[in-house]
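Peer 1: starting from these lines, generate the structure:
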Amino acid sequence: MPQPIQLKIKQLPHAYGLPLPRYMTEGAAGMDIPAAVTETVTLEPGEYKAIPTGLQVAVPPGYELQIRPRSGLALHRGIGLLNSPGTVDADYRGEIKVILINLSREKFQVRRGERIAQMVICPAPRVETVLVEELESTAREEGGFGHTGL
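Peer 2: Now for the predicted structure:
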C-alpha cells in the first residue's frame with residue numbers, strides 16, 4: 001500500500017465536536033465531510049447555499065483537493081453540488097464551503113454533522129502551454145458529443 005499523503009487540517013470553532021473528514025470504508029477514494037452549521041439550514045426545491053464545513057486545509061504542492069457530491073444524497077434526496085467537482089488549490093487557506101443545491105421537489109434540511117460531500121486529493125501537475133499551428137492527427141479527430149453513438 002502506498003504511503004498516505006499528509007493533509008493538514010485546521011478545525012474552526014464552529015466545527016468543534018464534529019468528526020474530521022474520514023474514509024467510511026477501506027476502499028473508499030473520498031473522505032466524507034460533515035456540515036458545520038450551527039443551526040439547521042433548509043434548502044427549498046431549486047435553491048442552493050454555501051454550507052460551512054469549519055475546515056481549513058493545507059493541500060500539498062502538486063495536488064488539489066476535489067469536493068464532490070455524495071451519491072446517496074444525490075440518488076435518495078436529489079441533493080448535488082453546484083460546482084462539481086469543486087477545487088481547493090494548494091495555496092488556499094480559507095474555510096472550505098460546499099455549495100449544495102436541492103434538485104428535488106421537496107425541502108431538504110442540512111443538520112449539524114450531516115455528511116454533505118466528500119473530498120478526494122488528486123495530483124495536479126503544472127503544465128506549460130505551447131502555441132502551435134497544427135495538432136497531431138488522431139483517429140477520432142473532431143468527433144464530439146455522441147460521435148460513437150448512443
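Peer 1: for the chain, which spans come out with low pLDDT?
Peer 2: Within the chain, the ranges that satisfy pLDDT under 70 run 1, 147.
Peer 1: let's go with 90 and repeat that
Peer 2: Scanning the chain with the threshold set as pLDDT under 90 gives 1-5, 138-150.
Peer 1: longest strand in it, by number of residues?
Peer 2: If you go by DSSP state E, the chain has its longest strand at strand 115-123.
Peer 1: can you pull out the helices in the protein?
Peer 2: Counting by DSSP state H, the chain has helices at residues 71-77.
Peer 1: spell out for me which residue occupies the centre of it.
Peer 2: Note on the chain: the residue nearest the mean C-alpha position is residue 67, at 1.0 Å, using Cα atoms, centre = their mean.
Peer 1: which residues does the closest residue to it other than its chain neighbours contact?
Peer 2: Distances taken as Cβ to Cβ, 6 or more residues apart in numbering put residue 86 closest to residue 67, at 3.8 Å, once the chain neighbours are dropped. C-betas here are computed from N, CA, C, even on glycine. Residue 86 sits next to 66-68, 98-99 when contact means Cβ atoms under 8 Å, 6 or more residues apart in numbering.
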